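Colleague: For reference, the sequence and a predicted model appear below.
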Amino acid sequence: MITKKETIASRKIVLGPSLSLAYDDPLKIIKGRGQYLYDESGKEYLDCVNNISHVGHCHPIVIQAAHEQNQLLNTNTRYLHDNILELAEILTLKLPAPLSVCHFVNSGSEANELALRMAAAVTGNQNTIVLDHAYHGNTTSLINISPYKFNGKGGLGKTENVEVVPSPDIYRGNYTNPGNAGTQYAKYVQNAVIKQGKGSTFIAESLLGCGGQIVLPKGFLQESFQYVKSNGGVCISDEVQVGLGRIGSHYWGFELQKVIPDIVTIGKPLGNGHPISAVVTSPEIADAFNNGMEYFNSFGGNPVSCAIAYSVLKVIDDEELQNNALDVGNYLMSELKILKKECEIIGDVRGSGLFIGIEIVEDKQTKLPATKSAIEIINRMKENGILLSTDGPFNNVLKIKPPMVFTRENATTIIECFKDLFF
């Protein structure tokens, strides 16, 4: 077997240097099963951060679905095939009316890219409103609406058609009172709508990922959507990280805010890591997008991908993984909040279901971000067989978003390891 040292050396020669690696001492992972990953020496790691492997690494039912369809056919959507229809039917049953028309693509980036094109077909312009620190994908147009990228290293800043509104963070943002923060943050969206004029596109994650695992304050999307729609705009909910039951109490993140978006985007968790994603919208918007220019995607919606995605949705239901996310997530959140009271370095614990953030600070009163400490924590947790990562504007938020098969026992393992580190 090629050693890890040799793999790193080869990577530096044949792969672009902009590709990053996790951890000070990178891992060489050769196998996965359920919520566990294994390195070249056979050491087991509890994967607490890989939300793309939604129903667990190498789920046997998903693997079987791929194997069976691969033996029959894989081709494009210019031929009739029932798999794409069966997937669309089961997916739209999970969404409220009028979200009933699907377009299948290969990634969350492709999904958001297509959603922007659809919105522009309705509004007639490229005017976009985004939340600060948001990330929506790696294409040029998505980098241009992702402050996480265009305001970061190597970024070129925002373009004229983009308005950035403050992140609705009730821990360290401009407004921290849960009772009225949603309304106050929504006023920034209203001001952006007024500035852009008629027909803005507002795209937002229903819970913020790269922005720091932020749960939106009550009423924020409801009021923001009202401002946008009443001025001829389009609202897109980016469900790439949090959809498909991850938040436990609901199947979609936007349901927490009691809103119905005009367009919903879904990412690779739909295929458990296999490249399939989706854009779901109303018949009216789909008709507006049908302006004479054909939309074709060589691989989006192919029979193998659709068979895999269909099996993922069935596994979520059959194994009651949404209920599991609610139960395990509530348990883990309650234990983390107890730990927060006892530990000065934990400034905030927030999340929903199996989407949780732990904000690491130097001091609870000043809320000074403890970026170095957060990075040290994830490296030390890795040495103890637990994989986490950091994000947020100051890179000081520990992210917990594991495969949905995560158990209470796994949650207890995390808590015990944190206690060993903090005390």
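Modeller: Received, thanks. Numbers count the residues shown, from 1 in each chain.
Colleague: check contacts around residue 348.
Modeller: When contacts are counted by CB atoms under 8 Å, 6 or more residues apart in numbering, residue 348 touches 171, 340, 357, 358, 359. In short, each C-beta sits where N, CA and C put it, glycine included.
Colleague: what about the last one, which helix or strand?
Modeller: In other words, residue 359. Assessed by DSSP states H and E, residue 359 sits inside strand 355-360.
Colleague: and the gap between the residue positioned nearest the centre of the chain and residue 260?
Modeller: The geometric centre of the chain, computed from its C-alpha atoms, lies nearest to residue 241 (CA atoms, centre = their mean), at 1.7 Å. From residue 241 over to residue 260 the distance is 20 Å, taken as CB to CB, to the nearest Å.
Colleague: hmm, back to that, skipping its backbone neighbours, what lies nearest the residue nearest to the centre of the chain in space?
Modeller: The shortest distance from residue 241 to any residue other than its chain neighbours is 4.4 Å, reached at residue 209 (CB to CB, 6 or more residues apart in numbering).
Colleague: quick one, what contacts that neighbour?
Modeller: With contacts defined as CB under 8 Å, 6+ apart, the neighbours of residue 209 are 135, 241, 242, 391, 399, 401.
Colleague: Go ahead and confirm residue 308 touches residue 273.
Modeller: No. Here residue 308 does not reach residue 273: they are 9.3 Å apart, not a contact under CB atoms under 8 Å.
Colleague: Looking only at neighbour counts, state which of those two leads.
Modeller: Between residue 308 and residue 273, counting by other CB atoms under 10 Å, residue 308 is the more crowded of the two (28 against 22).
Colleague: what's residue 199 sitting at in phi/psi?
Modeller: Reported as degrees, to the nearest 10, the phi and psi values for residue 199 are phi 80, psi 60.
Colleague: no no, residue 80
Modeller: In this entry, residue 80 is assigned phi and psi values of phi -70, psi 140 (degrees, to the nearest 10).
Colleague: Repeat that for the one 3 residues further on.
Modeller: Backbone dihedrals for residue 83, given as degrees, to the nearest 10, come out at phi -60, psi -40.
Colleague: what number of residues lie near it?
Modeller: By other CB under 10 Å, the residues close to residue 83 number 21.
Colleague: Please read off the pLDDT at it from the model.
Modeller: Predicted confidence (pLDDT) for residue 83: 97.
Colleague: quick one, what contacts it?
Modeller: The contact partners of residue 83, by CB under 8 Å, 6+ apart, come to 69, 303, 306, 307, 310.
Colleague: Leaving out the residues flanking it, which one is nearest to the first one?
Modeller: Of all residues not flanking residue 69 in the chain, residue 307 sits nearest, at 4.0 Å (CB to CB, 6+ apart).
Colleague: What of the third one?
Modeller: The spatial neighbour of residue 306 that comes closest, neighbours along the chain excluded (CB to CB, 6+ apart), is residue 83 at 3.9 Å.
Colleague: any idea how far residue 364 is from the one you found?
Modeller: Residue 83 sits 52 Å away from residue 364, taking CB to CB as the criterion.
Colleague: Repeat that for residue 18.
Modeller: Taking CB to CB, one finds residue 18 at 36 Å from residue 364.
Colleague: Settle it for me: which of those two has more neighbours?
Modeller: Shown here are residue 18 and residue 364; by other CB under 10 Å, residue 364 has more neighbours (14 against 6).
Colleague: Using the three-state scheme, assign that one.
Modeller: Here residue 364 is coil, with the state taken from DSSP: H, G, I helix; E, B strand; the rest coil.
Colleague: residues in contact with it?
Modeller: Shown in contact with residue 364 (CB under 8 Å, 6+ apart): 344, 347.
Colleague: tell me the pLDDT at it?
Modeller: The confidence metric pLDDT takes the value 93 at residue 364.
Colleague: repeat for residue 415
Modeller: 97.
Colleague: Determine the number of other residues adjacent to it.
Modeller: Burial measure for residue 415: 15 neighbouring residues, criterion other CB under 10 Å.
Colleague: correct me, but residue 310 touches residue 90?
Modeller: Yes. Between residue 310 and residue 90 a contact is recorded at 6.3 Å, counting by CB under 8 Å.
Colleague: Neighbour count: those two, which is higher?
Modeller: Between residue 310 and residue 90, counted using other CB under 10 Å, residue 310 has the larger neighbour count: 22 against 14.
Colleague: Okay, helices next: where are they in the stretch 201-350 of the chain?
Modeller: Taking DSSP state H, counting those that start in this stretch, the helices of the stretch 201-350 of the chain run over residues 220-230, 283-289, 303-318, 321-342.
Colleague: Most tightly packed of those helices?
Modeller: Most buried of the helices of the stretch 201-350 of the chain, by mean neighbour count (mean count of other CB atoms under 10 Å): helix 303-318, with a mean of 22.
Colleague: what helices or strands is it leaning on?
Modeller: Helix 303-318 sits against helix 60-70, helix 82-92, with contacts defined as 3 or more CB pairs under 8 Å, 6 or more residues apart in numbering; DSSP states H and E.
Colleague: can we see that at 10 Å?
Modeller: Helices and strands touching helix 303-318, as assessed by 3 or more CB pairs under 10 Å, 6 or more residues apart in numbering; DSSP states H and E, comprise helix 60-70, helix 82-92, strand 101-105, strand 277-281, helix 321-342.
Colleague: what would those look like in JSON lines with distance to residue 352?
Modeller: Shown next, in JSON lines, are the helices and strands packed on helix 303-318 (distance: least, CB to CB, whole Å):
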{"stretch": "helix 60-70", "distance to residue 352": "25"}
{"stretch": "helix 82-92", "distance to residue 352": "21"}
{"stretch": "strand 101-105", "distance to residue 352": "26"}
{"stretch": "strand 277-281", "distance to residue 352": "21"}
{"stretch": "helix 321-342", "distance to residue 352": "7"}
